[in-house]
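**Student:** Turn this into a structure:
(4 chains)
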Protein chains: 2
Amino acid sequence: MKMDERKQQILLAIIKDYISTAEPVGSRTISRKYKLGVSPATIRNEMADLEEMGFIEQPHTSAGRIPSNLGYRYYVDCLMQLEQLTEQEEGTIRSGYENKVREVGEVLNRTGRMLAQLTHYTALVQTPQLGKSSYKHIQLVLMGAAQAILIVVMDTGAVHHQMMVVPENITQQDLDQISGVLNAKLQGRTMDNIRLTLIKEIYFELARHRNILDLAIELMQDRIPSVKEDKIHLEGVFNILNQPEFHNVEKVKVLLSLLEQEGTLRDILEKPKDSQGITIKIGSENARQEIQNCSMITATYQVGDKILGSIGVLGPTRMDYARVVTVIDSMSRNLSRTLERLLKGQG
Amino acid sequence: MKMDERKQQILLAIIKDYISTAEPVGSRTISRKYKLGVSPATIRNEMADLEEMGFIEQPHTSAGRIPSNLGYRYYVDCLMQLEQLTEQEEGTIRSGYENKVREVGEVLNRTGRMLAQLTHYTALVQTPQLGKSSYKHIQLVLMGAAQAILIVVMDTGAVHHQMMVVPENITQQDLDQISGVLNAKLQGRTMDNIRLTLIKEIYFELARHRNILDLAIELMQDRIPSVKEDKIHLEGVFNILNQPEFHNVEKVKVLLSLLEQEGTLRDILEKPKDSQGITIKIGSENARQEIQNCSMITATYQVGDKILGSIGVLGPTRMDYARVVTVIDSMSRNLSRTLERLLKGQG
DNA sequence: ATTAGCACTCATCGAGAGAGAGTGCTAACA
DNA sequence: TGTTAGCACTCTCTCTCGATGAGTGCTAAT
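**Tutor:** Below you'll find the model as predicted:
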């Protein structure tokens, strides 16, 4: 049996209708709404074929048809026509990424919020995997009253600061000296990359300031890695409540308890290693049992050539694929561009 | 009609039973479970009295009784006996606030998470209202490659930093000079408190560095207030799904759409101005229509004598008041103590 | 190849019966 | 006078059953 033009038309009609109504689609509906110039009976014959081919299925004998995972897959691969975002939506996105936003975290938050808002599904945003960041600049600044602030700038552009107590009689000159040595020894090194011998060297050169060093190095090793570099940010979780497939609370709970675990989020967002661009996982194509009635559309974002992370949208398999792909494509481009601006041209 | 010992016992039994089962309580149940030494018939008589007095009500003729708002109020004011936290729970809280946590934001996050986890309801945590913070120390640090970092320490202990572009040929000495003037003029002032004449003075003294100043002052005025100082952090929102009163999705949606708006959260958490300690709002005592089938228990936290904010727990009116009061009391004390440590004794 | 007609299936809805929980009232009892 | 057993009554909840209707597959006609 081969997939001729008319079968495609009918499959397309079923999918479109089901996406928008969440109700099984009957032959009558198709012939009425989507003028294909053939009678319901003809459509029924074709539908029987489509079912045999595995593209659609029947919830029960006297119901219409709904798309199968395979059907969605065929739609996504062959039939789907991308939409255009409206002027207004483009505007929303653009203004979300406008110049004033200067912090990476804020950009990611907004990305999530916009994704959720524009798609009405749940958005996932992975923080940039900047890789092992190395120390770029270390500076101790006296703040008066036996307090100093330790500032650590990483090569990724991230800046960490931390207040610390210093002896009463210390001067900015002392601190500069310490900063100087720390910079000389640690610049360009990653956190794991600091050998014990290096630390010894530092202590040797700065024996006089042992106690400050103790504190500073402890802070650098202990506090700074705590910045979560592999978080996945969720937004619009409640949108699932608007989906009829989640009208009973038990199903919502199953999904939510999955989404609550950071680790599984990572699995869900995960993409084939070398993939770039947009990936679509439909229903059972998802590894996780709990979201096999969901689909996940993800896209990567990058700075330069380096892929830094993914953003994704999670919704029911009966998801508006065309819409989501369009949105996520636009968002990932915008996000990449914005991060490029933030991480490279610092301003 | 007066509230004798036995009526109290019966009211207490009804409330306890209803809190744990969410089912209307009948006379038979009370006489069986809570041995009061009287027959169901006697209890029925008393219940009729309690209903007349407004403490309990009947969903319909052939059902048991459920506590009314007034009943809960009487329970909370007169009958409730606080529980003790278990060793393990005490441990959870203590370790959540242990020394290693050094950041205010992190402390608040944990507070919310623990509150939600220990109560199984929804937790609200208000960020500390530190009041108008004034500049304590301003410092520009050259970071090489025409970049500098602007560090602003507020008297509250908050530290903000921001990268900025500076001319290629600038030196740390120049930056120190600028920092010096900025400190001299701005120290002790609040953000709104900087008069135009002051800015003019600064520009006069540092005419040479006009462009750096432009940027620095813009950043100080523009970026730093963006740190959200009046946010309310929600945690455990999904816990409401486990409450039978939210078993249908529509009710969940109503509540969630309320909780999504930051402004209304503020209303909900708001307490009488001079109140301190724990406040309980039961059902219709809440201003908001949408949560009149909910109760809200809030407590303030403070550093020294100054009340900085509130934490709260939102659950159905059929909430385990004794438990929540105990937890929230312990948490608010711990939170106060921890913030005291963080904000005063910096280290 | 297409379509009208028709018998058949099955979910959904509403009505009605029965069960069960709980009450209020009455009368008996200590 | 307070307590209790007994009983009729109410009302929700659940289950069943038939009607309804949407949709199908098959057959025969075009």
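
**Student:** average model confidence for stretch A:254-264?
**Tutor:** Stretch A:254-264 shows a mean pLDDT of 90.

**Student:** is any part of it close to chain B?
**Tutor:** Yes - counting by CB under 8 Å from any CB of the partner chain, chain B has neighbours in stretch A:254-264: A:256-257, A:260. Quick note: C-beta positions are derived from backbone N, CA and C, even for glycine.

**Student:** Point out the residues in chain A that sit beside chain B.
**Tutor:** Counting by CB under 8 Å from any CB, chain A sits next to chain B at A:102, A:136-137, A:139, A:141, A:143-144, A:147, A:149, A:151, A:153, A:157, A:159, A:161-165, A:222-223, A:238, A:241-242, A:246-249, A:252-253, A:256-257, A:260, A:346-347.

**Student:** let's go with 7 Å and repeat that
**Tutor:** A:102, A:137, A:139, A:141, A:143-144, A:147, A:149, A:151, A:153, A:159, A:161, A:163-165, A:223, A:238, A:241, A:247, A:249, A:252-253, A:256, A:346-347 (CB under 7 Å from any CB of the partner chain).

**Student:** What subset of these is buried?
**Tutor:** Using 16 or more other CB atoms under 10 Å in any protein chain shown as the burial test, the residues of chain A next to chain B include A:102, A:137, A:139, A:141, A:143, A:147, A:149, A:151, A:153, A:159, A:161, A:163-164, A:223, A:238, A:241, A:249, A:252, A:256, A:346 as buried.

**Student:** In strands, which of those residues fall?
**Tutor:** A:137, A:139, A:141, A:143, A:147, A:149, A:151, A:153, A:159, A:161, A:163-164 (DSSP state E).

**Student:** residues in contact with whatever residue of the stretch 201-347 of chain A ends up closest to DNA strand D?
**Tutor:** Nearest residue of the stretch 201-347 of chain A to DNA strand D (CB to the nearest atom of the strand) works out as A:N248 at 15.2 Å. Taking CB atoms under 7 Å, 6 or more residues apart in numbering or on different chains, we find A:N248 in contact with no residue.

**Student:** re earlier: using TSV, lay out the ones in strands among the buried ones among the residues of chain A next to chain B together with pLDDT.
**Tutor:** TSV is the format used below for those (pLDDT from 0 to 100):
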residue	pLDDT
A:H137	83
A:Q139	84
A:V141	83
A:M143	74
A:Q147	79
A:I149	83
A:I151	84
A:V153	81
A:V159	76
A:H161	81
A:M163	79
A:M164	83
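
**Student:** Kindly reformat the residues you listed as TSV containing distance to A:L265.
**Tutor:** Formatted as TSV, those follow (distance: CB to CB, whole Å):
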residue	distance to A:L265
A:H137	33
A:Q139	36
A:V141	38
A:M143	39
A:Q147	39
A:I149	34
A:I151	32
A:V153	30
A:V159	27
A:H161	29
A:M163	33
A:M164	35
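
**Student:** Check those one by one and keep those near DNA strand D.
**Tutor:** Among these, not one lies near DNA strand D by CB under 7 Å from any atom of the strand.

**Student:** possible to save these as TSV with distance to DNA strand C?
**Tutor:** What follows is these, written out as TSV (distance: CB to the nearest atom of the strand, whole Å):
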residue	distance to DNA strand C
A:H137	65
A:Q139	67
A:V141	68
A:M143	67
A:Q147	65
A:I149	64
A:I151	63
A:V153	61
A:V159	57
A:H161	59
A:M163	61
A:M164	64
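
**Student:** Between those, which sits nearest B:D176?
**Tutor:** A:V141 (10.6 Å; CB to CB).

**Student:** thinking the closest one is in contact with B:Q139, fair?
**Tutor:** Yes - with contact defined as CB atoms under 7 Å, A:V141 reaches B:Q139; the gap is 5.0 Å.

**Student:** Need the residues touching each of these two.
**Tutor:** With CB under 7 Å, 6+ apart, A:V141 and B:Q139 have common neighbours B:I151.

**Student:** out of all of them, which helix in chain A is the longest?
**Tutor:** Counting by DSSP state H, the longest helix found in chain A is helix A:321-343.

**Student:** which stretches of the stretch 51-200 of chain A form strands?
**Tutor:** A:56-57, A:66-67, A:122-126, A:135-144, A:147-154, A:159-165 (DSSP state E, counting those that start in this stretch).

**Student:** Point me to the helix or strand that includes A:K281.
**Tutor:** strand A:278-282 (DSSP states H and E).

**Student:** Report all helices and strands that the helix or strand following that strand contacts.
**Tutor:** Moving toward the C-terminus from strand A:278-282, the next helix or strand (DSSP H and E) is strand A:294-303. Counting contacts by 3 or more CB pairs under 7 Å, 6 or more residues apart in numbering or on different chains; DSSP states H and E, strand A:294-303 packs against strand A:278-282, strand A:306-316, helix A:321-343.

**Student:** for strand A:294-303, the distance to its chain's centre please.
**Tutor:** 6 Å (CA atoms, centre = their mean, to the nearest Å).

**Student:** Please name the nearest non-neighbouring residue to A:M80.
**Tutor:** Closest residue to A:M80 apart from its sequence neighbours, by CB to CB, 6 or more residues apart in numbering or on different chains: A:A322 at 5.2 Å.

**Student:** Tell me which residues touch the one you found, please.
**Tutor:** With CB under 7 Å, 6+ apart, A:A322 has these contacts: A:80-83.

**Student:** Tell me the buried residues within those.
**Tutor:** Neighbour counting with 16+ other CB under 10 Å marks A:M80 as buried within these.

**Student:** Quick check: the farthest pair among the contacts of A:A322?
**Tutor:** A:M80 and A:E83 (9.6 Å).

**Student:** Indicate whether stretch A:50-64 makes contact with DNA strand D.
**Tutor:** Yes - with CB under 7 Å from any atom of the strand as the criterion, DNA strand D is reached by stretch A:50-64 at A:51, A:58, A:61-64.

**Student:** ok, and the most crowded of the residues you listed?
**Tutor:** With neighbours taken as other CB atoms under 10 Å in any protein chain shown, the top of the residues of stretch A:50-64 next to DNA strand D is A:G64, carrying 19 neighbours.

**Student:** Contact partners for that one?
**Tutor:** A:24-26, A:29.

**Student:** Near DNA strand D, list only the ones from the residues you listed.
**Tutor:** A:24, A:26, A:29.

**Student:** if we take these, which one ends up nearest to A:R266?
**Tutor:** Out of those, the member with the shortest distance to A:R266 (by CB to CB) is A:P24, at 35.3 Å.

**Student:** What pLDDT is listed against A:I278?
**Tutor:** The model reports A:I278 with a pLDDT of 95.

**Student:** For it, give its distance to A:V327.
**Tutor:** 11 Å (CB to CB, to the nearest Å).

**Student:** quick one, which of those two is more surrounded?
**Tutor:** Taking neighbours as other CB under 10 Å, A:I278 and A:V327 compare with A:V327 leading, 25 against 16.

**Student:** neighbours around the nearest residue to that one once chain neighbours are set aside, how many?
**Tutor:** The shortest distance from A:V327 to any non-neighbouring residue, by CB to CB, 6+ apart, is to A:L118 (4.8 Å). A:L118 has 23 neighbouring residues, counting by other CB under 10 Å.

**Student:** With that, I have no additional questions.
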